[in-house]
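Mind looking at a prediction? Sequence and model below.
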Amino acid sequence: MSTQIAETAEPAATKPAPSPVNDVAPGGTTITDTPPESVKMKGVGVNVFYGDKQALFDIDLDIGERQVTSLIGPSGCGKSTFLRCLNRMNDTIDSCRIEGDITIGEQDIYDPSIDVVELRARVGMVFQKPNPFPKSIFENIAYGPRIHGLADSKSDLEEIVVTSLQKAGLFEEVKDRLEEPGTGLSGGQQQRLCIARAIATSPEVMLMDEPCSALDPIATAKVEELIDELRENYTIVIVTHSMQQAARVSQRTAFFHLGVLVEVGATDQIFTNPRDARTRDYITGRFG
Ligand SMILES: Nc1ncnc2c1ncn2[C@@H]1O[C@H](COP(=O)(O)OP(=O)(O)O)[C@@H](O)[C@H]1O
Ligand SMILES: [Mg+2]
């Protein structure tokens, strides 16, 4: 998709907001437009601390099912921190403490009974820099299904590998060299390999933290196309510093600023008719 604002970076100027901006106190309640039709994950009152320093303040955010939600905002505003809360990746950071509730479906993902390894199969993650395992292309994909016991036989496993590569749009490019190292692929191919690796454990949600920032424009376009296809079957949350990318790939956009979720809404609305002055300043390039 595209919006006029994203291409011009001056959307608010051409289409002034009808309602007054700044209609909430800074740091006050998040402005939310109509919620997503079907909610896959939900954060309520999420506070995150690194030691004494608070990185996120009272975040309420619904993640719509089978659509792409983008998290945007200036560097250091807490986008990655929030993303990592969604599959408990912050558990790996000793100083990090999280308050509040995060659910997937009806399940509290911070409940002590939750198996974190299983959660991370359901809520997969793709990182900024492609990080294939130092193993063959085949083994990169087969590893997850094997440790999660998703394949009963060798042929089952082969089928998972092939279909995961197909879903990631990579199979045709690598089918003759599945035994070669994943690290030998180009950057864009490596990132699609990592997406295939996430797909292989049948996730419900895929988290992507600036997945294209290390890629050239052609590889970026391929990954964006892939994201657009994947949303038919998966719930996707993407952190991006590119507003153009957010406008192209996402249906909902959440704007973070200084650890606060300022505004969330339909991507078109956020980019053409932001309701908070901070959002407007950011999307028109006044800061960030
Ligand atoms: N592992 C960490 N230890 C301490 N502070 C961190 C850590 N990760 C992030 N922070 C701090 O939390 C804040 C939000 O960071 P982050 O979520 O990475 O922002 P963004 O992804 O929006 O750039 C920043 O002030 C950052 O310095
Ligand atoms: Mg980040």
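Yep, that arrived. Residues are numbered from 1 along each chain as shown. Ligands and ions are numbered 1, 2, ... in the order given.

so what's Ile59 closest to, chain neighbours aside?
Leaving aside its sequence neighbours, Ile59 sits nearest to Val46 (C-beta to C-beta, 6 or more residues apart in numbering; 4.1 Å). C-betas here are computed from N, CA, C, even on glycine.

Same question for Gly188.
In space, Gly188 is closest to Ala219, 2.5 Å off (C-beta to C-beta, 6+ apart).

Mean pLDDT per helix and strand in the protein: which one sits at the bottom?
helix 4-8 (a mean of 39; mean pLDDT, DSSP states H and E).

tell me the contacts of the closest residue to ligand 1 within the stretch 101-250 of the chain?
Proximity of the stretch 101-250 of the chain to ligand 1 (C-beta to the nearest ligand atom) peaks at Val239, 6.1 Å away. If you count contacts by C-beta atoms under 8 Å, 6 or more residues apart in numbering, Val239 has them with 70-72, 79-80, 83, 208-210.

Distance of the closest residue to Gln67 other than its chain neighbours relative to ligand 1?
Nearest residue to Gln67, sequence neighbours excluded (C-beta to C-beta, 6+ apart): Gln251, at 4.3 Å. Between Gln251 and ligand 1 the computed distance is 21 Å (C-beta to the nearest ligand atom, to the nearest Å).

Could you list every helix and strand that the helix or strand hosting Leu61 packs against?
Assigned by DSSP states H and E, Leu61 falls within strand 53-64. Judged by 3 or more C-beta pairs under 8 Å, 6 or more residues apart in numbering; DSSP states H and E, the packing partners of strand 53-64 are strand 39-50, helix 79-85, strand 235-239, strand 260-266.

need the ones you listed in a markdown table with mean pLDDT, can you?
Listed next are these as a markdown table, based on pLDDT from 0 to 100:
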| stretch | mean pLDDT |
| --- | --- |
| strand 39-50 | 98 |
| helix 79-85 | 98 |
| strand 235-239 | 98 |
| strand 260-266 | 96 |
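
So which of those is nearest Asp101?
With C-beta to C-beta, the closest approach to Asp101 among these belongs to strand 39-50: 4.5 Å.

by contact count, what packs against that closest one?
By 3+ C-beta pairs under 8 Å, 6+ apart, strand 39-50 packs against strand 53-64, helix 79-85, strand 96-104, strand 235-239.

returning to what we had before: tell me the pLDDT at the residue nearest to Gln67?
Note for Gln251: predicted pLDDT of 97.

quick one: it and Glu65 touch, right?
No. Look at Gln251 against Glu65 with C-beta atoms under 8 Å: they stay out of range, at 11.0 Å.

Flag every residue of this protein that's near ligand 1.
Residues of the chain found near ligand 1 (C-beta under 6 Å from any ligand atom) are 50, 55, 73, 75-81, 93, 95.

Could you rerun that using 8 Å?
48, 50-51, 53, 55-56, 71, 73-84, 93, 95-96, 209, 239, 256, 259 (C-beta under 8 Å from any ligand atom).

Can you flag the buried ones in those residues?
48, 55-56, 71, 73, 77-84, 96, 209, 239, 256, 259 (16 or more other C-beta atoms under 10 Å).

ok, the residue nearest to Ile59 - contacts?
Contact partners of Val46, counting by C-beta under 8 Å, 6+ apart, are 56, 58-61, 82, 85, 98-102.

Gly64 too?
Residues near Gly64 by C-beta under 8 Å, 6+ apart: 35-40, 235, 251-252.

which non-adjacent residue is nearest Arg120?
Asn87 (5.1 Å).

can you tell me the helix or strand for the one you found?
Going by DSSP H and E, Asn87 is not part of any helix or strand.

Need the phi and psi values for it.
As for Asn87, its main-chain torsions (degrees, to the nearest 10) stand at phi -130, psi 20.

looking at this, the residue nearest to Gly188 is in a helix?
Yes. Remark: Ala219 belongs to a helix, assigned using DSSP: H, G, I helix; E, B strand; the rest coil.

so what's it scoring on pLDDT?
pLDDT at Ala219 comes out at 92.
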